[in-house]
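K.L.:
I need the structure of the sequence given here:
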Amino acid sequence: MKRWWFWGALILIAVAWAINIAIYETEQLEEPIVLKHYIELPMEQTHFFKIYYLTNKNNPTILQSLEVNGLSIPNISSSNDMWLYGNENSIYNTPNIVQEFTHHLLLEAHFDHSMLSPEGVEDKPFTWNNVILSFGDGTIKEYNIGEIHFNSSRVKEEPKLSSMSSGGTSNGLH
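P.N.:
Numbering: from 1, shown residues only. The predicted structure is shown next:
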């Protein structure tokens with residue numbers, strides 16, 4: 001009788017294991033998912049802009065570069081140089097993990113938009129909707145990333161309110 005319990009438990013464990021593997025395989029992404037972005041930045045701003053994307057947790061794909069209008073911008077975030085963190089080749093040592101899910105990771109990539117306009121050329125406003133992204137596993141694909149708009153340099157306006165200050169002393173001086 002004890003033998004039946006043993007084999008029954010062993011079969012139940014094997015069935016549960018097979019179901020877990022099937023669920024895990026159905027949850028894996030075939031390719032990274034790039035989130036929609038709506039960003040508006042002035043051209044003279046020196047800050048980087050970020051692209052967020054979702055990738056598999058067990059085999060994360062790192063975003064290497066972004067290409068728009070034939071110009072390529074490299075990802076300058078630290079996820080490209082995983083050796084800096086703990087000297088282990090692991091995505092989990094990088095600060096670019098925004099959020100961790102059961103089967104996926106939400107990662108961010110940083111790009112410098114000043115690499116798109118050569119020095120000495122007048123900056124013109126432009127908007128991106130579709131870009132070509134290349135990933136570390138060799139995947140190169142065109143993605144619709146929403147809308148990223150870069151404004152040209154704005155003319156400084158006079159402030160609507162101006163402040164004046166004065167002071168006084170007990171001697172009557174102002």
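
K.L.:
any idea which residue of this protein is furthest from its center?
P.N.:
Farthest-out residue of the chain from its mean C-alpha position, per C-alpha atoms, centre = their mean: Asn171, at 62.5 Å.

K.L.:
how close does the residue nearest the centre of the chain sit to Phe48?
P.N.:
With distances taken as C-alpha atoms, centre = their mean, the residue of the chain nearest its centroid is Glu108 (2.2 Å). Plainly put, Glu108 is 10 Å away from Phe48 if you go by C-beta to C-beta, to the nearest Å. In this view, the C-beta of every residue, glycine as well, is placed from N, C-alpha and C.

K.L.:
cool, Thr102 as well?
P.N.:
Counting by C-beta to C-beta - Thr102 and Phe48 are separated by 30 Å.

K.L.:
Return the set of buried residues in the longest strand that the chain contains.
P.N.:
Identified as the longest strand of the chain according to DSSP state E is strand 140-151. Going by neighbour count (16 or more other C-beta atoms under 10 Å), the buried part of strand 140-151 is Tyr143, Ile145, Ile148, Phe150.

K.L.:
ok, the second one to Gly8 distance?
P.N.:
Going from Ile145 to Gly8 by C-beta to C-beta gives 53 Å.
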